[in-house]
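Visitor: quick one, what's the 3D model for this:
(chains A and B)
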Amino acid sequence: MSYYEEDDLHNFEKIGRHAPELYEKFMAWYQACQEDGALSKREKALIGLAVAVTIQCPYCIDAFTNSSLENGSNMEQMTEAMHLASAIRGGASLIHGVQSHNAHDKVSM
Amino acid sequence: MTKNPIIQIRPRNGKPALPLSEISFQDRLAESGLRLRAAKVEILQVNVGKLCNQACKHCHVDASPTRTEIISRETIDHCLDALRKHKIPTLDITGGAPELVPDFRYLVSEGRNAGARAMVRHNLTVMFEEGNEDLPEFFAANDVEVISSLPYFQARQTDAQRGNGVFEKSIEALRRLNSVGYGTDGSGLVLDLVYNPVGAYLPPEQKSIEADFKRELAARHNVVFNNLYTITNMPIARYLDWLRSSKNEDAYMQKLINAFNPATVEGLMCRNTLSVEWRGNLFDCDFNQMLEIGVAKNVGQKIEQFEPSQFEGRQIMTNSHCFGCTAGAGSSCGGTVS
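Guide: Residues are numbered from 1 along each chain as shown, chains lettered A, B, ... in the order given. I've put the predicted structure just below:
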């Protein structure tokens, strides 16, 4: 058995059993964030997908892959969004290499 | 949750079968305080048969080059009689590939002579079949509104659904339609496209994806068209086979049920469309036709028995597949409905 169950994505509302008001507030916020605004629903779905891949949440990846498709994105666009998120994540690691360089320079002649 | 479970027959083997659903469509309508009754028949949709030069993976007709069911001249004449006698405003011709039926051009020209607006659901590639090379000119001469499926503006998605090489041929056909004026400003010749998802998900917002298609088809292929309609894939026939083989049936049905939108019901096509089968039998829609769910028993069952006063207000026959037309912004032969 895996710790991740595909059906749990559709059972999300169960998390509201012990704190319904907080769950309702969360869902209202979560859904409002995905509506058309200064950014389109399509752009927001792509941002959601990029973040989902970055935080490696299988539920979010499933949800935002479908959401991106249902908002008219294609796999080329979705893959570019995922590359950007991954590149930022890679860059965030790599820029810490400067700290290594600094540390090296401090102790080196 | 399940008040009135629908009895399902899972095996299909080319026979009509319904998707599994944990709630009946009628129950969901009742929960919303709605009833589904027919309005006046404004569109006579004639399915002239199952013969097609393609065998698309999502086809709700199970159409293919090996099918032999096609309409006779006698049944066409019954349809024309109904158009004339009752002054039905629109003749909507579908198939299969209607152009492969020997009396297709007779139906179109006589339908126009009867005063009906004529729409043809044209798959584009049939234009390259022998004897159909002059279809653009024929359509233009009869002022036919052409509605063509093109699931995406890229080859990979289109060919995945409709067959290898279909995209390239479709683009060539669109260029030929454009060359006689279809889809161009001021010509009055209408060329509409139909988008449907290449998979188990719902269509995007119609105006948004239409803008993408217009931009991309013009830039990449110098092709123009009038409107793009988004249609939800109906979970029956060959598409149901695909849902089952890809293990998407349950999730897709849940998606349709969760997306049920009561605001779509008033505009559903079954309310103002009467569907005629190649043998002249009557149905509330083309999907019911493929499932062999006929019109209510208290009205005429054949086109020659059609009487408008009898059909207006009739009960529409529904089942689990109807969730395909009420999800999200809704779905009809003319795109979204809400």
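
Visitor: wait, residue B:183 sits on residue B:228?
Guide: No. Using C-beta atoms under 8 Å, residue B:183 makes no contact with residue B:228, being 11.1 Å away. (Glycine included, C-beta is placed from N, CA and C.)

Visitor: could you chop chain A up by domain?
Guide: Domain segmentation of chain A under automatic domain parsing yields A:10-39, A:40-109.

Visitor: which neighbouring elements make contact with the top helix by length along chain A?
Guide: Taking DSSP state H as the criterion, chain A has its longest helix at helix A:75-95. For helix A:75-95, the elements it packs on are helix A:41-55, helix A:58-70, judged by 3 or more C-beta pairs under 8 Å, 6 or more residues apart in numbering or on different chains; DSSP states H and E.

Visitor: quick one: residues contacting residue 69.
Guide: Going with chain A. Listed by C-beta atoms under 8 Å, 6 or more residues apart in numbering or on different chains, the contact partners of residue A:69 are A:78, B:197, B:199, B:201, B:204.

Visitor: that was the other one, I meant chain B.
Guide: Per C-beta under 8 Å, 6+ apart, neighbours of residue B:69: B:49-51, B:278.

Visitor: around chain B, which positions in chain A sit nearby?
Guide: A:10, A:40-42, A:66, A:69-72, A:74 (C-beta under 8 Å from any C-beta of the partner chain).

Visitor: want to throw the residues you listed into JSON lines with distance to residue B:223?
Guide: Formatted as JSON lines, the residues of chain A next to chain B follow (distance: C-beta to C-beta, whole Å):
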{"residue": "A:10", "distance to residue B:223": "40"}
{"residue": "A:40", "distance to residue B:223": "25"}
{"residue": "A:41", "distance to residue B:223": "27"}
{"residue": "A:42", "distance to residue B:223": "23"}
{"residue": "A:66", "distance to residue B:223": "29"}
{"residue": "A:69", "distance to residue B:223": "24"}
{"residue": "A:70", "distance to residue B:223": "25"}
{"residue": "A:71", "distance to residue B:223": "24"}
{"residue": "A:72", "distance to residue B:223": "19"}
{"residue": "A:74", "distance to residue B:223": "18"}
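
Visitor: which one of these sits closest to chain B?
Guide: Of all the residues of chain A next to chain B, chain B sits closest to residue A:72, with 3.4 Å by C-beta to the nearest C-beta.

Visitor: how about the closest one: what's its closest non-neighbour residue?
Guide: Excluding its sequence neighbours, the residue lying closest to residue A:72 (C-beta to C-beta, 6 or more residues apart in numbering or on different chains) is residue B:204, at 3.4 Å.

Visitor: so which strand or helix has the nearest residue to residue B:198 once chain neighbours are set aside?
Guide: Setting aside the residues directly before and after it, residue B:198 is nearest to residue B:157 in space (C-beta to C-beta, 6+ apart), at 4.4 Å. Assigned by DSSP states H and E, residue B:157 belongs to helix B:155-162.

Visitor: buried residues, that helix. List them.
Guide: B:157-162 (16 or more other C-beta atoms under 10 Å in any protein chain shown).

Visitor: close to chain A, is the helix or strand residue B:177 falls within?
Guide: In this assignment (DSSP H and E), residue B:177 forms part of helix B:166-179. No. Helix B:166-179 does not reach chain A (C-beta under 8 Å from any C-beta); its nearest approach is 13.8 Å.

Visitor: enumerate the residues of the stretch 51-200 of chain B near chain A.
Guide: For the stretch 51-200 of chain B, the contact set with chain A under C-beta under 8 Å from any C-beta comprises B:152, B:154, B:157, B:197, B:199.

Visitor: ok so, going back, which of the contacts of residue A:69 has the most neighbours?
Guide: Highest neighbour count within those: residue B:204, with 24 neighbours (other C-beta atoms under 10 Å in any protein chain shown).

Visitor: any idea how far the residue of chain B found nearest chain A is from residue B:326?
Guide: Here the residue of chain B nearest chain A is residue B:204; by C-beta to the nearest C-beta that distance is 3.4 Å. From residue B:204 over to residue B:326 the distance is 17 Å, taken as C-beta to C-beta, to the nearest Å.

Visitor: that older thread, what residues does the helix holding residue B:157 touch?
Guide: Helix B:155-162 has contacts (C-beta under 8 Å, 6+ apart) with A:74, B:54, B:56-58, B:149-152, B:165-168, B:170, B:196, B:198.

Visitor: run through the neighbouring helices and strands of the biggest helix by length in chain B.
Guide: If you go by DSSP H, chain B has its longest helix at helix B:206-221. Applying 3+ C-beta pairs under 8 Å, 6+ apart, one finds that helix B:206-221 contacts helix B:166-179, strand B:191-195, strand B:228-230.

Visitor: partner strands of the second one, parallel or antiparallel?
Guide: When pairs are called by DSSP bridges, strand B:191-195 turns out to pair with strand B:145-149 (parallel), strand B:228-230 (parallel).
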